[in-house]
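*Asks:* Show me how the following folds:
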Amino acid sequence: MSLGRCYAGHSFVHKLDMARMYGYKGIELFYEDLQDIAEQLPGEDTRLRELEAASIIRRLCQERGIAILCLQPFAHYEGLVDRQEHLKKLEKLEFWFQLARALRTDMVQIPSSFGPAEEISEDMSLAVADLQKVADMGLQQNPPIRFVYEALCFGTRYNTWEHSWQMVQAVDRPNFGLCLDTFNIAGRIYADPASPTGRTPNCDQAVRDCLAGLLAIDLKKVFYVQVVDAERLDAPLVEGHEFYNPEQTARMSWSRNCRLFYGEKDRGAYLPVVEISRAIFQGLGFEGWVSLELFNRRMSDTDPVVPQELASRGAASWAKLVRDMKLRIEETPSELGRMTASL
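*Replies:* Have a look, this model is predicted:
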C-alpha cells in the first residue's frame, strides 16, 4: 500500500503507526518521504541530513517491527540519450548505497523510464548496459545491493511485463530481478483509460497470452510482487476529463489517480487481477514479499482519517487475497504473506 508523499499533511510517523495497527510487516520506502524528514533536520549539508533521516526511519521501523523492503524509485535511469545525465544518476546511486546501508535494506527499485521519447534511446542494448552497470556496482557493495526492475504500463520504451523479463534476462546478474505488478501488467494489455470501453482491443486474448507467458518466468528472479487493481472511468481520460494532464499520458494520469486495492469491485475495480494473481501465486508458485502499492486521488486529501482509512482498506484487501489465493502465511520475512506498505 503506497502511503507516499502525496499524503498531504500526514506525518510519516502517523502513516507508519497505521501500517503497524493494521498488520503490515514491511514497507517500500519512497525517497521523497526520506527527503521530507531530512528537510526538518538542522544543518546545511543535504546528504548528512538525509543519512540522519535514514537512521531515524530505520529506528522508527525497528520500534514497530516493520522491515524496509526497498528504497525507491531510482527513476529515469536506463537508456538516457544524455550520457552526462547518466553519469549524474550513477553519482546519485553511490549515495543511495549509503542510504540503503543506513536503512538496513539491501534492495533498490528501478521503474522503467517514462520521460519524453526524445530523451530515452530506442536501443535496448544501451538500456541493458546501463542496468548491468548498476547491478555490477551493487555487487561491489558490502553487503551487496539488489535491484528490482519494474515495467510501468506508461513506460516510454519498456511497458509490459515481457519487456521487464527480457531486460532481467539480458542483464543476467544475480542481484538483478523482477517486480511483477498486477496493475502495471493489466494496465497495458487490458486497460485503456482513454477508450470509451476502458479496455484495449482483444484484451481478453491478451490476458490469456499473458497468463501462459508468466509461467515461463524463472521464479528465483521474482524479487517481490505488487497486487492492486484500478477503477474503470465513466468517461474516456482525454482532454476535458478531470484527471487529464497534458504533461502525462492517459495511463500515467489514471495510475496516479485511480488505483484501487485488490477486491474493491464496489469501488469500480475491473482489471483481471484475480487471474493474474492466480498465475503468479498458484501457477508460478511465488513465495515472498507481497506489496499493496496504491496511488489514488484520496491520498492527497488532508482529512486526518485518510491514513487509517487506506490502511484498513488495504488490510481488508490483503485478507481477501489470502483467502482467494489460498496463501500460506508464515512469521518469517522470507516467506509468503508479508504484507507491505509503500510509504
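*Asks:* quick one: Gly213 and Leu284, what's the gap?
*Replies:* 11 Å (C-beta to C-beta, to the nearest Å). Glycine gets a C-beta too; all of them are placed from N, C-alpha and C.
*Asks:* What of Tyr224?
*Replies:* Tyr224 is 13 Å from Leu284, by C-beta to C-beta.
*Asks:* For those two, indicate the residue with more neighbours.
*Replies:* More crowded of Tyr224 and Leu284, by other C-beta atoms under 10 Å: Tyr224, with 24 against 18.
*Asks:* Double-check that the more buried one belongs to a helix.
*Replies:* No: read with DSSP: H, G, I helix; E, B strand; the rest coil, Tyr224 is strand and lies in no helix.
*Asks:* I'd guessed it sits against Glu287; true?
*Replies:* No: assessed by C-beta atoms under 8 Å, Tyr224 is found out of contact with Glu287, at 10.7 Å.
*Asks:* Give me the below-cutoff pLDDT ranges for this protein.
*Replies:* 1-9, 330-343 (pLDDT under 70).
*Asks:* tell me the secondary structure for the nearest residue to Val222 once chain neighbours are set aside?
*Replies:* Among residues not flanking Val222 along the chain, Leu178 sits closest, at 5.2 Å (C-beta to C-beta, 6 or more residues apart in numbering). Under three-state DSSP, the three-state class of Leu178 is strand.
*Asks:* Might one say that Leu178 is in contact with Ile217?
*Replies:* Yes: using C-beta under 8 Å, Leu178 makes contact with Ile217 at a distance of 7.1 Å.
*Asks:* shared neighbours, these two?
*Replies:* Residues touching both Leu178 and Ile217 by C-beta atoms under 8 Å, 6 or more residues apart in numbering: Trp165.
*Asks:* returning to what we had before: quick one: contacts for the residue nearest to Val222?
*Replies:* 148-150, 164-165, 168, 217, 221-223.
*Asks:* which ones among those residues are found in helices?
*Replies:* Those of the contacts of Leu178 mapping onto helices are 164-165, 168, per DSSP state H.
*Asks:* Which positions in stretch 193-208 come out as buried?
*Replies:* Residues of stretch 193-208 classed as buried by neighbour count (16 or more other C-beta atoms under 10 Å): 193-195, 198-200, 203, 206-207.
*Asks:* repeat for stretch 101-110
*Replies:* 101-103, 105-110.
*Asks:* hey, what's Ile120 bridged with?
*Replies:* Leu80 (DSSP bridges).
*Asks:* mind listing the helices for this structure?
*Replies:* 12-21, 31-39, 46-63, 83-103, 124-139, 161-171, 182-189, 203-214, 250-258, 273-278, 306-325.
*Asks:* Compare the contacts of Leu178 and tell me which is most surrounded.
*Replies:* That'd be Ser164 among the contacts of Leu178, by other C-beta under 10 Å, with 28 neighbours.
*Asks:* ok, the residue lying closest to it once chain neighbours are set aside to Lys89 distance?
*Replies:* Excluding the flanking residues, the one nearest Ser164 by C-beta to C-beta, 6+ apart is Ala151, at 3.7 Å. Distance, Ala151 to Lys89, by C-beta to C-beta: 19 Å.
*Asks:* Compare these two (neighbour count), which wins?
*Replies:* Ranked by neighbour count (other C-beta under 10 Å), Ala151 and Lys89 place Ala151 first, with 26 against 18.
*Asks:* how about the more buried one, phi and psi?
*Replies:* Torsion angles at Ala151 (phi, psi; degrees, to the nearest 10) stand at phi -80, psi 120.
*Asks:* That one contacts Gly187, correct?
*Replies:* No: in this structure, Ala151 is not within contact of Gly187 by C-beta under 8 Å, at 10.3 Å.
*Asks:* Tell me which residues touch Ala170, please.
*Replies:* Neighbours of Ala170 in contact, by C-beta under 8 Å, 6+ apart: 124, 128.
*Asks:* cool, Val128 as well?
*Replies:* Going by C-beta under 8 Å, 6+ apart, Val128 touches 167, 170-171.
*Asks:* got the residues you listed as JSON lines, with distance to Lys133 columns?
*Replies:* As requested, the contacts of Val128 are exported to JSON lines (distance: C-beta to C-beta, whole Å):
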{"residue": "Met167", "distance to Lys133": "13"}
{"residue": "Ala170", "distance to Lys133": "13"}
{"residue": "Val171", "distance to Lys133": "10"}
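*Asks:* Tell me the one of the residues you listed nearest Leu294?
*Replies:* Using C-beta to C-beta, Met167 is the member of those that lies nearest Leu294, at 25.1 Å.
*Asks:* Quick check, Leu271 in contact with Arg188.
*Replies:* No: contact status for Leu271 versus Arg188: not in contact, 10.8 Å apart, counting by C-beta under 8 Å.
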